[in-house]
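Engineer: Pasting the sequence and the predicted coordinates here, then a few questions.
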Amino acid sequence: MENVFTHTAYSSYLNDHRLMGSKDLQTGEVFLPPRPMNPETFSTTMEWVELKGEGTLQAFTIVYIAPTAMIEAGYDRKNPYCVGIVKLEEGPMMSGLILGVDVRNPASIQIGMPLKVSFVDRGEGEGKQTFLAFEPA
Amino acid sequence: MPNHKLARGVALVGAGMSKFGAFKGKTSRDLFVEAYVEMLESVDLGINPKEIEALYVGNYSCDLFEGQGHIAPIMASWTGLNPLPAVRVEDACASAGLALREGILAIASGMYDVVVVSGVEKMTDLPTEKVTDTLATAADVQYEIPAGFTFPGFYAAMATAYMHAYGATPETFMRVGIKNHQNGSMNEKAQFGATISSMMEGRKASAAKKGLPIPEWKDEMDFLHDDRANPIIAWPMRLYDCSPISDGAAVVLLVSEDLASKYSRNPIYITGTGQASDGALHDRQILTSIPSARLAANQAYQMAGITPADIDFAEVHDCFTIAEIIATEDLGFFEPGKGWIAAEQGDTSRIGPKPINLSGGLKSKGHPVGASGVGQVVEVWKQLRGQAGERQVPGKLRYGLTHNVGGTGQTCLVHIFERRD
């Protein structure tokens, strides 16, 4: 079996602003990030599937002490960001940056709130990389 | 899961640790030797090091923290244990708990009778952002870290899910920190050997001495609400909700049960071990519990033939204050959603019905990540033998438990210890 459901392939789709997962043809279950094997049934009959990008917020935090990559993206104590876990309509949960929320007022950010996918491009030309984000629907 | 049994019993007959803290000018091996020598001295009837047959070293990331890989043979060399087999094991912050389990399995298998189990980490050579990056490699660097998660961030996210589900507040978490600093103030090995109120008074005194305005904190909670004194790291986790960046080593001596009385007047028996693994945090069915901890705990309880109610006290993996609350539920001490109420009521204090983190926990004692799991064992050893000094739990103790988590629960190990007399 050649595994095509790689991080490289996922990232390449993400760079084209497409949120792609894998779908088990036997069970219909959708995996995001894409997996080559269903961890419950061990089936490897997967195909690519594009997710609608609609979901709900399950957990979040406002990060004030950022890792190096986020500092380079312009975030720090004075400019904190929200990151969370989102349950997609198709089933899977995924980590993503949460944009368009009031990071100074965490009480305004509600678990369960509907979100839609957003794509954040960093870098230019060949160095461009797209990161998964969500924003209020 | 089948109910596994050890093929023969294992006893703990010695334990030692370095002080945990930030030690400029000391490397892993320097701290390791301190802990090893204290372990040798703790063996009641003495041990000839020539009787030791193998060394297990828990270590998370000497490669990135110190630029030194292949650390186990170096620890063996510096303690005169070469040419014995020297094994480094890694499961992030659960590395030392894993070393303990591997040592137990080696003795239970009949391969060895006497082994040294240890953990060591030297974190403070790197600046904070590089430490954050290094710790982040224990998460999924393809799918979690690019989103912007940090370790405080993961646990903070679990805290928001927990608050939403059960009604806890950021003040609940602050009370866990106050309690653990209270316990740690009685531990001479702790990185922060001070209560939060004494640190608060210290800052007032320091301001007065410098002629600066004296902060007007009414009490510990007032101090902990101050964004300047207790800044947000990842909301709702603030500085005093987070374990520190630490250096340290811890070492214990395990022998087969039949040899226990040769070395110890008061051996401690390891009667339960459990371990489980899991995927990324976003890949779980539940965010208010750590499923691997529940599985590991159930394995350990079954092996030991006891229930959570039998445990007299526990050292749990409070890398963040929310983690302690979730741990007390995952270990079965309190119902899901009730751990925060127990914490607020003082049930987990030193004099409460279920004392948690008598050592001060990772929060106050320090968290040299790959050493913490064996550091917990040192506290259980002291408490069960009545050697914990000022912080000794009063009354007769029979069962102690350790709970050591790697990452956000991609790994968890639980061990149960028994005093028999």
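Structural biologist: Noted; the coordinates are in hand.
Engineer: Which pLDDT does the model give residue 104?
Structural biologist: I'll assume chain A. For residue A:104, the pLDDT comes out at 97.
Engineer: looking at chain B here, not the other one
Structural biologist: Residue B:104 is given a pLDDT of 98.
Engineer: so what's the nearest residue to it once chain neighbours are set aside bridging to?
Structural biologist: Nearest residue to residue B:104, sequence neighbours excluded (C-beta to C-beta, 6 or more residues apart in numbering or on different chains): residue B:10, at 5.0 Å. (Glycine included, C-beta is placed from N, CA and C.) Residue B:10 forms beta bridges with residue B:256, residue B:270, as assigned by DSSP bridges.
Engineer: May I ask which helix or strand of chain B has the lowest mean pLDDT?
Structural biologist: Within chain B, no helix or strand scores below helix B:128-136, which has a mean of 92 by mean pLDDT, DSSP states H and E.
Engineer: hmm, back to that, assess the claim that the residue nearest to residue B:104 and residue B:268 are in contact.
Structural biologist: No - applying C-beta atoms under 8 Å as the test, residue B:10 and residue B:268 come out as separate, 10.1 Å apart.
Engineer: Up against chain B, what does chain A have?
Structural biologist: Applying C-beta under 8 Å from any C-beta of the partner chain, one finds that chain A approaches chain B through A:7, A:33, A:58-71, A:75, A:77, A:80-81, A:83-85, A:92-97, A:106, A:111-112, A:131-132.
Engineer: Now do the residue nearest the centre of chain B against chain A, distance only.
Structural biologist: The centroid of chain B falls nearest to residue B:372 when counting by C-alpha atoms, centre = their mean (4.1 Å). As judged by C-beta to the nearest C-beta, to the nearest Å, residue B:372 and chain A stand 21 Å apart.
Engineer: Likewise for residue B:51?
Structural biologist: For residue B:51, the distance to chain A equals 45 Å [C-beta to the nearest C-beta].
Engineer: what's near enough to touch that residue?
Structural biologist: By C-beta atoms under 8 Å, 6 or more residues apart in numbering or on different chains, the contact set of residue B:51 is residue B:114.
Engineer: for it, phi and psi?
Structural biologist: Dihedral pair for residue B:51: phi -80, psi -10, per degrees, to the nearest 10.
Engineer: do the same with the one 5 residues further on
Structural biologist: For residue B:56, the backbone dihedrals (degrees, to the nearest 10) come out as phi -110, psi 130.
Engineer: Find me the pLDDT at it, would you?
Structural biologist: Predicted confidence (pLDDT) for residue B:56: 98.
Engineer: Check the gap between it and residue B:372 for me.
Structural biologist: To residue B:372, residue B:56 is 15 Å away according to C-beta to C-beta, to the nearest Å.
Engineer: pull the helix or strand with minimum mean pLDDT from chain A.
Structural biologist: Going by mean pLDDT, DSSP H and E, chain A bottoms out at helix A:68-72, a mean of 93.
Engineer: Run me through the strand neighbours of whichever helix or strand comes after that one, direction for each.
Structural biologist: Following helix A:68-72 in sequence order, the next helix or strand is strand A:81-88 (DSSP states H and E). Sheet pairing here is set by DSSP bridges, and for strand A:81-88 it gives strand A:54-63 (antiparallel), strand A:93-98 (antiparallel).
Engineer: which residues are in contact with strand A:81-88?
Structural biologist: With contacts defined as C-beta under 8 Å, 6+ apart, strand A:81-88 is touched by A:30, A:32, A:51-63, A:66, A:70, A:75, A:93-99, A:101, A:103, A:109, A:115, A:134, B:147-149, B:153, B:157, B:281-282, B:287.
Engineer: again, 7 Å this time
Structural biologist: For strand A:81-88, the external contacting residues (C-beta atoms under 7 Å, 6 or more residues apart in numbering or on different chains) are A:32, A:51, A:55-63, A:70, A:75, A:93-98, A:101, A:103, A:109, A:115, A:134, B:147-149, B:153, B:157, B:281-282, B:287.
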